[in-house]
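K.L.:
no sequence for this one, just the structure:
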Ligand SMILES: Cc1ncc(COP(=O)(O)O)c(C=O)c1O
Ligand SMILES: N[C@@H](CCOP(=O)(O)O)C(=O)O
């Protein structure tokens, strides 16, 4: 499998090189040159497979030529063996034909574990084979950071730097990152917002001099391997609900557009998905695009769903690439105009094409709390605020009551006590056993100004197991 850039100017890479990349050298994002497509019969034959076996069937075409089948199978078995639920991603029914896919049974209690547990193991495998060390710089609004640290902490050949917006993640999320010690683990709180952190990561790919020749790898969803792993659970859910013989709809709490883009790819790979609902909080740039063809930058507002406090949505570029007939030059022009003006819209017919599949809704904090309370009272299922946004948007945007609607349950409510408390459900939240002493553990974190050079200087000073690069 070869991967090409959405801006058309970077060299094509194989899976191993795409895993060890982030942004392409032309500033674009890597996507498969040709997406594999499965027949309905083939997908139907996967019914009843264990999660790791299904993961192998879905992802195999993406890694072919880079990772031998036997090694990939073993990596997948280990990856999904660490999840606390035997079904890995269980479905919970809320109402008639309405479901939540619980994606929070991994070690850090968010959907990010599905990809980052795999990514850590793949990096270990590939770097050991190459005898190479890398530096990771990742940006987090709370969940990617801890999942990436957990996924990579045992990697011998990785130094990981995670940037989070100072005082803008929940305390549980912060502690999940800052209480993990190791001379290759570095937490940096940036005095800015998530978009500032994300921009620093992207700017670092553009100018890597500060790394003195060490390779820079991404753990955010700009890394193709993240998206690849997230495709699998759409197949997993649909197969349990009568797919592929019937269509399924999904509602996805959305920020960087990675998770929902994985659903879009699952559909293009042959899985009958009739509708994808983009569910945002008040940081609603994606909703404004889907509802009115306006992708315009705005001010970023803190919300009760902090992981989705994102303005510039990385993976939207991957969708734009497809909407423009995979014309890299057109995407490069659009993205440079967006960089200059902070505004983007597409030709009417391209937007209409997107709207055939995508609907959207922006949900405010009050409605988020109301939904947490309502669902808890009716079903006993305690939703985290991100998932609650997905459930409310699913109910509002649903096209057919006859089609199963699955909301992705992206995080465990215990990570967001403020929202749960505001919802007034009166249920005590208990951290799982492996995190029971989280609030007693010492923390380690460096606070830095919102300044690219200061962050890069910190990385060069500590990038070799805490020593200078
Ligand atoms: C709990 C939670 N829900 C939803 C999202 C949105 O996912 P994406 O950025 O892939 O759209 C995130 C992070 O981005 C998250 O941490
Ligand atoms: N919500 C994320 C933000 C980063 O998104 P990513 O999927 O591109 O890593 C987080 O919790 O960090």
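P.N.:
Happy to help now that I have it. Remember, it's a predicted structure, so these values are computed and weren't measured experimentally. Residues are numbered from 1 along each chain as shown. Ligands and ions are numbered 1, 2, ... in the order given.

K.L.:
Spatially, what comes nearest to residue 136 if we skip its sequence neighbours?
P.N.:
Nearest residue to residue 136, sequence neighbours excluded (Cβ to Cβ, 6 or more residues apart in numbering): residue 160, at 4.4 Å. C-beta coordinates here come from the backbone N, C-alpha and C atoms, glycine included.

K.L.:
The one you found: helix or strand, and which one exactly?
P.N.:
strand 158-165 (DSSP states H and E).

K.L.:
do the same with residue 198
P.N.:
Going by DSSP H and E, residue 198 is in helix 194-206.

K.L.:
from the middle of its chain, how far away would that helix be?
P.N.:
Distance of helix 194-206 from its chain centroid, counting by Cα atoms, centre = their mean, to the nearest Å, is 16 Å.

K.L.:
Identify all contacting residues around it.
P.N.:
22-23, 27, 137-141, 163-165, 168, 190, 210, 216, 218, 220, 222, 300, 309-312, 314, 450, 452, 455-456, 459 (Cβ atoms under 8 Å, 6 or more residues apart in numbering).

K.L.:
if we go to 7 Å?
P.N.:
Contact with helix 194-206 is made by 22-23, 27, 137-139, 141, 163-165, 190, 216, 218, 220, 300, 309-312, 450, 452, 455-456, as judged by Cβ atoms under 7 Å, 6 or more residues apart in numbering.

K.L.:
circling back to that earlier point, show me what the mean pLDDT comes to for the following helix or strand past the strand holding residue 160.
P.N.:
Remark: after strand 158-165, the chain's next helix or strand is helix 171-178, criterion DSSP H and E. On average, the pLDDT along helix 171-178 is 97.

K.L.:
picking that back up, quick one: the strand holding residue 160 near ligand 2?
P.N.:
No - under the criterion of Cβ under 6 Å from any ligand atom, ligand 2 is not reached by strand 158-165; the shortest gap measures 7.7 Å.

K.L.:
Pull up the pairing partners for that strand, direction included.
P.N.:
Paired strands of strand 158-165, with direction, are strand 134-139 (parallel), strand 185-190 (parallel) (DSSP bridges).

K.L.:
Need the winner for burial among those strands.
P.N.:
Mean neighbours per residue, mean count of other Cβ atoms under 10 Å, is largest over these for strand 134-139, with a mean of 26.

K.L.:
between that one and helix 194-206, what angle do the directions make?
P.N.:
150 degrees (axes from the mean of the first three to the mean of the last three Cα atoms, to 10 degrees).

K.L.:
Show me the contact partners of strand 134-139.
P.N.:
Under the contact criterion Cβ under 7 Å, 6+ apart, strand 134-139 has outside partners 20, 127, 144-145, 148, 152, 157-163, 194, 197-198, 200-201, 204, 211, 214-220, 459, 463.

K.L.:
Please, which helix or strand holds residue 312?
P.N.:
Counting by DSSP H and E, no helix or strand carries residue 312.

K.L.:
Quick check: closest non-adjacent residue to it.
P.N.:
Leaving aside its chain neighbours, residue 312 sits nearest to residue 195 (5.6 Å; criterion: Cβ to Cβ, 6+ apart).

K.L.:
partner strands of the helix or strand harbouring residue 360, parallel or antiparallel?
P.N.:
Residue 360 belongs to strand 358-362 when assigned by DSSP H and E. Sheet pairing of strand 358-362 (DSSP bridges) gives strand 273-280 (parallel).

K.L.:
Show me what the helix or strand just after the strand it pairs with is packed against.
P.N.:
Using DSSP H and E, the next helix or strand after strand 273-280 towards the C-terminus is helix 285-292. If you count contacts as 3 or more Cβ pairs under 7 Å, 6 or more residues apart in numbering; DSSP states H and E, helix 285-292 packs onto strand 273-280, strand 295-296, strand 358-362.

K.L.:
Partner strands of the shortest one, with direction?
P.N.:
Using DSSP bridges, the strands paired with strand 295-296 are strand 343-344 (antiparallel).

K.L.:
The nearest residue to residue 425 once chain neighbours are set aside: neighbouring residues, count only.
P.N.:
Nearest residue to residue 425, sequence neighbours excluded (Cβ to Cβ, 6+ apart): residue 376, at 4.5 Å. Neighbours of residue 376 under the rule other Cβ atoms under 10 Å: 20.

K.L.:
Same check on the one 5 residues further on?
P.N.:
In terms of burial, residue 381 registers 17 neighbours under the definition other Cβ under 10 Å.

K.L.:
quick one on the thing from earlier: hmm, the strand holding residue 160 touching ligand 1?
P.N.:
No - if you take Cβ under 6 Å from any ligand atom as the test, strand 158-165 misses ligand 1, and the best it gets is 11.8 Å.

K.L.:
Quick one: mean pLDDT for that strand?
P.N.:
For strand 158-165, the per-residue pLDDT averages 97.

K.L.:
what does stretch 58-72 give?
P.N.:
97.

K.L.:
buried sites along it?
P.N.:
Applying a neighbour-count criterion of 16 or more other Cβ atoms under 10 Å, one finds 58-63, 66-67, 72 buried in stretch 58-72.

K.L.:
Now that we have those, can you turn them into a markdown table and tack on secondary structure and distance to ligand 2?
P.N.:
Listed next are the buried residues of stretch 58-72 as a markdown table, based on DSSP: H, G, I helix; E, B strand; the rest coil; distance: Cβ to the nearest ligand atom, whole Å:
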| residue | secondary structure | distance to ligand 2 |
| --- | --- | --- |
| 58 | helix | 19 |
| 59 | helix | 18 |
| 60 | helix | 23 |
| 61 | helix | 23 |
| 62 | helix | 18 |
| 63 | helix | 20 |
| 66 | coil | 22 |
| 67 | coil | 23 |
| 72 | helix | 23 |
